[in-house]
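> Sharing a model prediction with you, sequence too.
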Amino acid sequence: MPELPEVETVRRGLIPYLEGHTLVRVDRRRKDLRIPFPRGFVKRLAGGRVLRLSRRAKYLLFHMADETVLIIHLGMSGRMTVTPPGQDAGKPGKHDHVIFETDAGAVITFNDVRRFGLMTLTDEVGLDDHKLIRDLGPEPLGNEFSDAYFSDILRGRKTPIKAALLDQKIVAGIGNIYACEALYRAGISPRRLADSVAGVRATRLAPAVRDVLNDAIAAGGSTLKDYVQADGELGYFQHSFAVYGREGEPCPDCDCDGSVERIVQSGRSTFFCAKRQI
DNA sequence: CTTACGGCCTGTACGC
DNA sequence: TGCGTACAGGCCGTAA
């Protein structure tokens, strides 16, 4: 998916078209994605005004004027595309599942081939307690994700650190790409048990996580084949991946003479340099 | 409580 | 050309 930087990039791309605008049309073209759309989905949104877009972990949130909150997850292959006012959006494609049109004439289309994404509704009062939101760990770019917090929560865990980074209850928003990249930057083996990262290594890894996410956001999110930035422009952080998708290539940033290996951990590919990452 | 694993769904790339 | 297999950015429910 879209990991945190991509969702953040989508959010920023959508803001000019949605914030302060009324949804004059909401077209829900199937009854479910990963979960069913809630009852009254179209009715509760159509005619409503979008006050603000926010993000929690990989969830994109539309805050409506009537205190409804639309929760969106892009899953593995979800995208948001914008057709600016005055342009013809054309006919919906096969995997265009939800289409919004604003009072200004912009058309925002949610497309998700694999349908691992979701949309549901809650309200402002219930947002923090919503089952999709309540168990999420701290935002990696927020103050709560301190070196001390990270060290403490890793202590005693017997799972590999790579899996711990993917655990949204430990820290929210990191996916497979940025888990690999952060471990590379920190020089920590993805196979090392989380417990052994508690302490000094956590004080290297936490900043590496923040840095790689910030770099990716600054670059406009990375782009793989299923991801298109909200404004249709392509992000270019993928050119900066040190290890992700680079199996067999020389380790890019050290004189270690190593090469990038791919292993499988809990069913997901991990890319790393065994010489640099100890 | 923590951890591991299968399943969800479609498309694409690759080997034979 | 066709067919089978592996793999893809995530997450949840279940079982141990």
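Yes, it's here.

> Skipping its backbone neighbours, what lies nearest the residue of chain A found nearest DNA strand C in space?
Residue of chain A nearest DNA strand C, by Cβ to the nearest atom of the strand: residue A:175 (2.1 Å). The way it works is simple: take the backbone N, C-alpha and C, and place the C-beta from them, glycine included. Distances taken as Cβ to Cβ, 6 or more residues apart in numbering place residue A:3 nearest to residue A:175, at 3.6 Å, with adjacent residues excluded.

> Next up, phi/psi of the closest residue to residue A:275 other than its chain neighbours, please.
Sequence neighbours aside, residue A:258 is the residue nearest to residue A:275 in space, at 3.3 Å (criterion: Cβ to Cβ, 6+ apart). Per-residue torsions, residue A:258: phi -90, psi 170 (degrees, to the nearest 10).

> Got the domain ranges for chain A?
What automatic domain parsing lists as the domains of chain A is A:4-123, A:147-272.

> Columns mean pLDDT and mean neighbour count on top of those, output as TSV?
Output for those, formatted as TSV (pLDDT from 0 to 100; neighbours: other Cβ atoms under 10 Å):
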stretch	mean pLDDT	mean neighbour count
domain A:4-123	95	18
domain A:147-272	89	18
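
> out of those domains, nearest to residue A:136?
domain A:147-272 (4.2 Å; Cβ to Cβ).

> check whether the closest one contacts DNA strand B.
Yes - applying Cβ under 7 Å from any atom of the strand, one finds domain A:147-272 touching DNA strand B at A:157, A:158, A:159, A:160, A:163, A:194, A:225, A:266, A:267.

> The second one sits in which helix or strand?
Right, the one you point to is residue A:158. Taking DSSP states H and E as the definition, residue A:158 sits outside all helices and strands.

> That one is in contact with residue A:197, isn't it?
No - the criterion here is Cβ atoms under 8 Å, and residue A:158 misses it with residue A:197 at 11.9 Å.

> which outside residues touch the helix or strand containing residue A:271?
According to DSSP H and E, residue A:271 maps onto strand A:268-273. With contact meaning Cβ atoms under 8 Å, 6 or more residues apart in numbering, strand A:268-273 is reached by A:162, A:166, A:176, A:179-180, A:183-184, A:189-190, A:243-247, A:251, A:254, A:256, A:258-264.

> before we move on, the earlier item: so the residue of chain A closest to DNA strand C versus residue A:212, what's the distance?
Counting by Cβ to Cβ, to the nearest Å, the gap from residue A:175 to residue A:212 is 12 Å.

> likewise residue A:65?
From residue A:65 over to residue A:212 the distance is 36 Å, taken as Cβ to Cβ.

> who's in contact with residue A:46?
Taking Cβ under 8 Å, 6+ apart as the contact definition, residue A:46 lies against A:23, A:24, A:25, A:26.

> all strands for chain A, in order.
Applying DSSP state E to chain A gives strands spanning A:23-28, A:50-56, A:59-64, A:68-73, A:78-83, A:96-102, A:107-112, A:118-123, A:260-265, A:268-273.

> export those to TSV and tack on distance to DNA strand C?
Shown next, in TSV, are the strands of chain A (distance: least, Cβ to the nearest atom of the strand, whole Å):
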stretch	distance to DNA strand C
strand A:23-28	21
strand A:50-56	10
strand A:59-64	7
strand A:68-73	6
strand A:78-83	8
strand A:96-102	16
strand A:107-112	11
strand A:118-123	9
strand A:260-265	7
strand A:268-273	3
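
> okay if I get those strands as JSON lines plus distance to residue A:90?
Output for those, formatted as JSON lines (distance: least, Cβ to Cβ, whole Å):
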{"stretch": "strand A:23-28", "distance to residue A:90": "14"}
{"stretch": "strand A:50-56", "distance to residue A:90": "23"}
{"stretch": "strand A:59-64", "distance to residue A:90": "24"}
{"stretch": "strand A:68-73", "distance to residue A:90": "22"}
{"stretch": "strand A:78-83", "distance to residue A:90": "8"}
{"stretch": "strand A:96-102", "distance to residue A:90": "10"}
{"stretch": "strand A:107-112", "distance to residue A:90": "9"}
{"stretch": "strand A:118-123", "distance to residue A:90": "22"}
{"stretch": "strand A:260-265", "distance to residue A:90": "39"}
{"stretch": "strand A:268-273", "distance to residue A:90": "35"}
